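Participant: prediction below, plus the sequence it came from.
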There are 2 protein chains.
Amino acid sequence: MGEGEFEKIARLAARFRSVGAAGVLRGIGDDAAVLDGSVGGKLVWTIDEQVEGTHFRRDLVGWADVGFRSFMAAASDVAAMGARPWCALSALALPSDLEDDALDALADGQRLAADRIGAVLVGGNLARAQAVSIATTLLGTCDRPVAREGGVAGDRVWIAGEVGLAGAGLMALVRGAKDRRLRPAVAAWQRPVARTEAGLAMGKVAHAGIDVSDGLAQDAGHLARASGVCVVIDEERLLAHGGAALAGAAAALGVGPAELALHGGEDYALVALSAEAIPGFVEIGEVREGEGVVLRGRAGETALEGGGFDHFGRVPPGRPGSL
Amino acid sequence: MGEGEFEKIARLAARFRSVGAAGVLRGIGDDAAVLDGSVGGKLVWTIDEQVEGTHFRRDLVGWADVGFRSFMAAASDVAAMGARPWCALSALALPSDLEDDALDALADGQRLAADRIGAVLVGGNLARAQAVSIATTLLGTCDRPVAREGGVAGDRVWIAGEVGLAGAGLMALVRGAKDRRLRPAVAAWQRPVARTEAGLAMGKVAHAGIDVSDGLAQDAGHLARASGVCVVIDEERLLAHGGAALAGAAAALGVGPAELALHGGEDYALVALSAEAIPGFVEIGEVREGEGVVLRGRAGETALEGGGFDHFGRVPPGRPGSL
């Protein structure tokens, strides 16, 4: 049995001192945080939640990783809008028997992630629950948000960051696979990093953009649907982008690298539709009139039927496994 | 088994059309919501979470009430800062076997609460979980936020809204008590209303303020601690404020009305420390040098040792019961 609520809050507050951070007038410790309302431009605002048993299992991941990953999942949504992360709140639901060391590690992971992307945690909530869950809400700022709609025929498809590696890492953890070739994959799953800098670059020129949380095929499908276009992914370019790390992980797991790259989630790569090249992005395809997502390989074109992760529906055979 | 994730999101999006709301540039349907960043003044930002089994039980409350209550709990934090609610995000964690009708009712309750206080829901997140939880984050705007600190000796203690009634309502529901005198109490627990207008009035003059979520004694203790003062509550004034509804509920439950008023939570009354009267508020005590919270009754003064709800610690004997 850990400490009481107020002792826990005091411990967390000590980890998240936000006094002096830009635009933060009041952090943890009152009914709400207070921010400077004259930031100008546009505010980008998201919430994401990770739940024990759905997004992670205690036996497969450390608490610091849980904190880090959950924060980055939210931060990735801000990056996907081409915005700069500003500040965050976190609602933690915790079983009463969770050790204080676990809470400390979780909070350290959140703090590390926040520091990594230049955001500050300014408040939150604690509640008791049967299983751990972490809801993270983030505010970001930008002049020109990048939506899922806006892509046009003639654009190219661009990507920043790995795809498929985190999915391979999760599969390796679930299987208990120890192959040396899986280490980069496991690291990618445990400590994914939101592509903040790439997102800002994307914000300058891209017509549309999204982050890959549920699998490239599915998330590219969101872009295609919102923009009213067909997104064509070039298999050869995609695998070249995946490189040796993806190929090695796929070989160690006995699955196809394209399968991993198309259906593995939680890498938080960014995918943009843009007529111009974007610093930090690699070209992996093109946009044409039509609909859906098409994989163009040596043997021709294959329509991809979504096939990422759906929290309430089918988990497609290609997905590297959900917890 | 309900629909898939995207069908659920579409259903929710249809309930929460925020296009055209002031300062809302993009609502549900992208990686993040987009807001006008030139609101000026100050932003007040909070997150609150309600968890099945901790904050509510399916057999005691309808899903519309769950949605309504969870939204108001977050809205109350914004009111407690003297701010005007602006917009909200909601992260829902849902068991896969939750019926779509239940989700619809929950969302209707959220929508009703948002409309009631003039806020709009602009986005959210869906995740699978073993138990239902609802994390609600709200942004509000104000010129002069009211913190917990700032009260000084010589201020009076002011209250807006019921105290103890919701706690009595919860006790009635847990016991299955059907007494007619408990109806206002049950309604107060099922449909608490954040004191938005009172909060705005408080924002003009109060030195310090808080909302009563965990019990008056405990929340007044936060004011006393943050302001470095002693908060004196006059029992007679408090009970007069509670009126016939509180007295009737207390009699029906066989508990003291002062016990309910001091330790019952979730009414979301506002308590302010202010030298001036505040429209919509009733005076219930005074602020003097010292520390802690003191109840002044006919037999003299009694120091109150907190005694509200602590999610991870003791639940004091006076509390009307936690789920």
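Facilitator: Noted; the coordinates are in hand. Numbering: from 1, shown residues only, chains lettered A, B, ... in the order given.

Participant: buried set for the helix or strand of chain A with the lowest mean pLDDT?
Facilitator: The weakest-scoring helix or strand in chain A, judged by mean pLDDT, DSSP states H and E, is helix A:5-15 (a mean of 78). Within helix A:5-15, the residues scored as buried using 16 or more other C-beta atoms under 10 Å in any protein chain shown are A:Glu5, A:Phe6, A:Lys8, A:Ile9, A:Leu12, A:Ala13. C-beta here means a position set from N, CA and C on the backbone, and glycine is covered the same way.

Participant: correct me, but A:Leu35 touches A:Leu89?
Facilitator: No - here A:Leu35 does not reach A:Leu89: they are 10.8 Å apart, not a contact under C-beta atoms under 8 Å.

Participant: identify the contacts common to the two.
Facilitator: A:Val122, B:Trp45 (C-beta atoms under 8 Å, 6 or more residues apart in numbering or on different chains).

Participant: hmm, back to that, among the buried residues of helix A:5-15, which one sits closest to chain B?
Facilitator: Nearest to chain B among those, counting by C-beta to the nearest C-beta, is A:Glu5 at 4.6 Å.

Participant: the closest one against A:Leu126, yeah?
Facilitator: Yes - between A:Glu5 and A:Leu126 there is a contact under C-beta under 8 Å: 5.7 Å.

Participant: one step back: from the chain's centre, how far out does the least confident helix or strand of chain A sit?
Facilitator: Here the centre of helix A:5-15 is set off from its chain's centre by 27 Å, with C-alpha atoms, centre = their mean, to the nearest Å.

Participant: list the contacts for A:Arg69?
Facilitator: Residues in contact with A:Arg69 (C-beta under 8 Å, 6+ apart) are A:Gln50, A:His55, A:Phe56, A:Val61, A:Gly109, A:Ala113, A:Gln190, A:Arg191, A:Pro192, A:Glu266.

Participant: A:Asp267 now?
Facilitator: Applying C-beta under 8 Å, 6+ apart, the residues near A:Asp267 are A:Gly161, A:Glu162, A:Val163, A:Gly164, A:Leu165, A:Ala166, A:Gly167, A:Ala188, A:Pro192, A:Val212.

Participant: drop anything exposed from these.
Facilitator: Buried, going by 16+ other C-beta under 10 Å: A:Gly161, A:Glu162, A:Val163, A:Gly164, A:Leu165, A:Ala166, A:Gly167, A:Ala188, A:Pro192, A:Val212, out of these.

Participant: now A:Ile9: closest residue in space that isn't a chain neighbour?
Facilitator: Leaving aside its sequence neighbours, A:Ile9 sits nearest to A:Leu126 (C-beta to C-beta, 6 or more residues apart in numbering or on different chains; 6.4 Å).

Participant: I'd like the next helix or strand past the one helix or strand the one you found maps to.
Facilitator: A:Leu126 belongs to strand A:120-128 when assigned by DSSP states H and E. Counting by DSSP H and E, the next helix or strand C-terminal to strand A:120-128 is strand A:133-142.

Participant: how long is stretch A:248-263 from one end to the other?
Facilitator: This stretch, stretch A:248-263, spans 17 Å end to end (C-alpha to C-alpha, to the nearest Å).

Participant: how distant is it from the center of its chain?
Facilitator: Chain-centre distance of stretch A:248-263: 20 Å, with C-alpha atoms, centre = their mean.

Participant: list the buried ones in that stretch?
Facilitator: Those would be A:248-250, A:252-253, A:255, A:257-263, for stretch A:248-263 by 16+ other C-beta under 10 Å.

Participant: now, these that are in helices?
Facilitator: Judged by DSSP state H, the subset of these located in helices is A:Gly248, A:Ala249, A:Ala250, A:Ala252, A:Leu253, A:Pro257, A:Ala258, A:Glu259, A:Leu260, A:Ala261, A:Leu262, A:His263.

Participant: distance of A:Pro184 from B:Arg111?
Facilitator: Going from A:Pro184 to B:Arg111 by C-beta to C-beta, to the nearest Å gives 45 Å.
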